[in-house]
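Engineer: below is the structure, and that's it, no one-letter string:
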């Protein structure tokens, strides 16, 4: 079985039901199927065949969904490209994936015109099994050139079915989709749970905090997928709006970056909902999540999803005891088969059938996992291991600290020392914050400088890009 077989539960089985709202227009599932059939014919007319690649660099729009469904119907491999990428980054992906075509806004409009003139009946579809590649999604490339993760129909189907089951997503739900489809968060979670469950979606081109209240209050969703920066913005909404939104919402989910515990607590107080934090990666889709029914524990990413196995290992590859830190390894039908045309990188990414996530984690005795940061972010100061997230969580709970990031900088004596980058609000006092750190943290964890920044450099999904933080030696501290 492939994804189209699952999507047909809605594309055919719920053909007359309103499926999608976008920029004032609405479409039934049947209309979405017809659009995709025409687009599939347009791709075939352009010479696309099973296994060919189509790169798509588009902001959220109906044509992007048309192209994705058309690729699945024809066996073409969908390669989404971040709309924020510049020419150099796009050139790398195009060179690596070797697509037949790169679709930007102008090309999408031309393809849409071609598709509109073609029949809407279903074209002959290749016999794809679940191991067939559905897409190649490129990693963010913060530590080198980005690699293309090959994601199969089975990977995406497993992911969506897990979320639909564990989060009880059904046909009666209303999903406000404000995250980009070029990322696995929007594509793998949003698009797939929608098309399989048959819920109703209002898609936004992008999240705009000034319009957030009106979008929520007009559409009245029950379900929302966001990233931590979005939830920080939602805390700025008036209390009356937050209360009304909380009354009709069923579930808020956060992912793609760590959710500060303080944000979770503040959001619950304001909206009456405890955000469900989950954890995934480009290469694995969703690995873990806090339970829908049960304790949503602040600072943790919860429990492995059905079918997912996890290990926490030391540098020698041995399992560590509960409560001890180590690198997280995962295995399951959600995990990708490998990187596009990079056999060595694929081999290095797996050990004993488990994928090496590169994330440092701790497992509690009751099975909840807490992430402490990327292995590459680990600061070793005078022989002591420092996990930046612990310090970041503490800083985010202090007066006047809107956001915080901690990174290591070179030190002649200790090798590395932690430095804090602060997005400050009213009431921030660097000396008072340092004093609180000294009272609450071991001396080697106390940041050696507090550097004020207007904003933290982030990916389109809100993940902090620490390699783009200003140099501690050249930036002015506060």
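Structural biologist: Right, received. Where do you want to start? None of the values given here were measured: they were computed from a predicted structure.
Engineer: ok, now which ones touch the residue of the chain most remote from its centre?
Structural biologist: For the chain, the largest distance from the centre (Cα atoms, centre = their mean) belongs to residue 413, which lies 38.4 Å off. Residues in contact with residue 413 (Cβ atoms under 8 Å, 6 or more residues apart in numbering) are residue 382. C-beta: built from backbone N, CA, C; applies to glycine.
Engineer: that one is in what secondary structure piece?
Structural biologist: For residue 413, there is no host helix or strand (DSSP states H and E).
Engineer: show the model's pLDDT score for it.
Structural biologist: For residue 413, the pLDDT comes out at 76.
Engineer: what distance do you get for it to residue 450?
Structural biologist: 20 Å (Cβ to Cβ, to the nearest Å).
Engineer: cool, and residue 221?
Structural biologist: The value you get for residue 221 to residue 450, if Cβ to Cβ is used, is 39 Å.
Engineer: got the phi/psi numbers for the residue farthest from the centre of the chain?
Structural biologist: Main-chain torsions, residue 413, degrees, to the nearest 10: phi -90, psi -50.
Engineer: for residue 381, see how far away it is.
Structural biologist: 10 Å.
Engineer: give me the buried positions along stretch 411-420.
Structural biologist: 414, 416-420 (16 or more other Cβ atoms under 10 Å).
Engineer: contact partners for residue 393?
Structural biologist: 260-262, 299.
Engineer: doesn't it fall inside a helix?
Structural biologist: Yes - under DSSP: H, G, I helix; E, B strand; the rest coil, residue 393 falls within a helix.
Engineer: check the contacts of residue 393 and tell me the two furthest apart.
Structural biologist: By the measure Cβ to Cβ, 262 and 299 form the most distant pair in the contacts of residue 393, at 10.0 Å.
Engineer: take the buried residues of stretch 411-420 and keep only those in strands.
Structural biologist: Among the buried residues of stretch 411-420, DSSP state E puts 416-420 in strands.
Engineer: could you tell me the end-to-end distance of stretch 97-115?
Structural biologist: Start-to-end span of stretch 97-115 (Cα to Cα, to the nearest Å) is 25 Å.
Engineer: quick check: buried residues in it?
Structural biologist: Per 16+ other Cβ under 10 Å, stretch 97-115 contains these buried residues: 97, 99, 101-103, 108, 111-112, 114-115.
Engineer: who's in contact with that stretch?
Structural biologist: 35, 38-39, 41-43, 45-48, 52-59, 61, 63-64, 66-67, 79, 81, 90, 94, 136, 148, 340.
Engineer: do the same with stretch 369-381
Structural biologist: 143, 258, 279, 288, 299-304, 310, 325, 327-328, 358-364, 385-390, 406-408, 411, 414-418, 444, 466.
Engineer: among those residues, which ones are buried?
Structural biologist: Buried among those (16+ other Cβ under 10 Å): 258, 279, 288, 299-304, 310, 325, 327-328, 358-363, 386-390, 406-408, 414, 416-418, 466.
Engineer: surely residue 135 and residue 76 touch.
Structural biologist: No - the criterion here is Cβ atoms under 8 Å, and residue 135 misses it with residue 76 at 9.9 Å.
Engineer: buried ones in stretch 145-155?
Structural biologist: Buried-residue list, stretch 145-155, by 16+ other Cβ under 10 Å: 146-155.
Engineer: nearest to residue 455 among the residues you listed?
Structural biologist: Proximity of these to residue 455 (Cβ to Cβ) peaks at residue 146, which lies at 23.1 Å.
Engineer: doesn't that closest one belong to a strand?
Structural biologist: No - per three-state DSSP, residue 146 lies outside any strand segment and is coil.
Engineer: skip the chain neighbours and tell me the closest residue to residue 333.
Structural biologist: residue 158 (4.3 Å; Cβ to Cβ, 6 or more residues apart in numbering).
Engineer: tally of neighbours for that neighbour?
Structural biologist: Look at residue 158: counted by other Cβ atoms under 10 Å, it has 22 neighbours.
Engineer: how close does it get to residue 203?
Structural biologist: Using Cβ to Cβ, which is the criterion applied here, residue 158 is 24 Å from residue 203.
Engineer: and residue 283, by the same measure?
Structural biologist: From residue 283 to residue 203 the distance is 25 Å (Cβ to Cβ).
Engineer: ok, now residue 32?
Structural biologist: 12 Å.
Engineer: now do the shared contacts for those two.
Structural biologist: residue 20.
Engineer: I'd say residue 287 and residue 329 touch.
Structural biologist: No - Residue 287 is beyond contact range of residue 329, at 10.4 Å (criterion: Cβ under 8 Å).
Engineer: which one of the two is surrounded by more residues?
Structural biologist: The neighbour count for residue 287 versus residue 329, taken as other Cβ under 10 Å, is higher for residue 287 (29 against 23).
Engineer: what does the helix or strand hosting the more buried one contact?
Structural biologist: Taking DSSP H and E as the criterion, residue 287 maps to strand 285-289. Residues outside strand 285-289 that contact it (Cβ under 8 Å, 6+ apart) are 151, 155-156, 158-159, 162-163, 166-167, 184, 188-189, 255, 276-281, 301-305, 308, 310, 330, 332, 334, 357, 369.
Engineer: now the element after that strand, going C-ward?
Structural biologist: Next helix or strand after strand 285-289 toward the C-terminus (DSSP H and E): strand 303-304.
Engineer: quick one: low-confidence parts of the stretch 351-478 of the chain?
Structural biologist: Along the stretch 351-478 of the chain, segments meeting pLDDT under 70 span 473-478.
Engineer: and the helices in the stretch 251-400 of the chain?
Structural biologist: Using DSSP state H, counting those that start in this stretch, the helices of the stretch 251-400 of the chain run over residues 261-271, 343-349, 388-396.
Engineer: who are the packing partners of the longest helix along the chain?
Structural biologist: Looking across the chain with DSSP state H, the single longest helix is helix 29-45. Packing partners of helix 29-45 (3 or more Cβ pairs under 8 Å, 6 or more residues apart in numbering; DSSP states H and E): helix 3-11, strand 18-22, helix 62-74, helix 105-116.
Engineer: and with 6 Å instead?
Structural biologist: helix 3-11, helix 62-74, helix 105-116 (3 or more Cβ pairs under 6 Å, 6 or more residues apart in numbering; DSSP states H and E).
Engineer: give me the neighbour count for residue 450.
Structural biologist: 22.
Engineer: my read: it touches residue 430, true?
Structural biologist: Yes - taking Cβ atoms under 6 Å as the definition, residue 450 is a contact partner of residue 430 at 4.4 Å.
Engineer: for residue 353, which non-adjacent residue is spatially closest?
Structural biologist: Distances taken as Cβ to Cβ, 6+ apart place residue 331 nearest to residue 353, at 5.5 Å, with adjacent residues excluded.
Engineer: let me fix that: residue 386
Structural biologist: residue 379 is the one closest to residue 386 (Cβ to Cβ, 6+ apart), at 4.0 Å.
Engineer: of the contacts of residue 393, which one scores lowest on pLDDT?
Structural biologist: Lowest confidence among these: residue 260, with 86.
Engineer: show me what the lowest-mean-pLDDT helix or strand in the chain is in contact with.
Structural biologist: The weakest-scoring helix or strand in the chain, judged by mean pLDDT, DSSP states H and E, is strand 384-386 (a mean of 80). Applying Cβ atoms under 6 Å, 6 or more residues apart in numbering, the contact partners of strand 384-386 are 379, 418, 444-445.
Engineer: that concludes my questions; thank you for your assistance.
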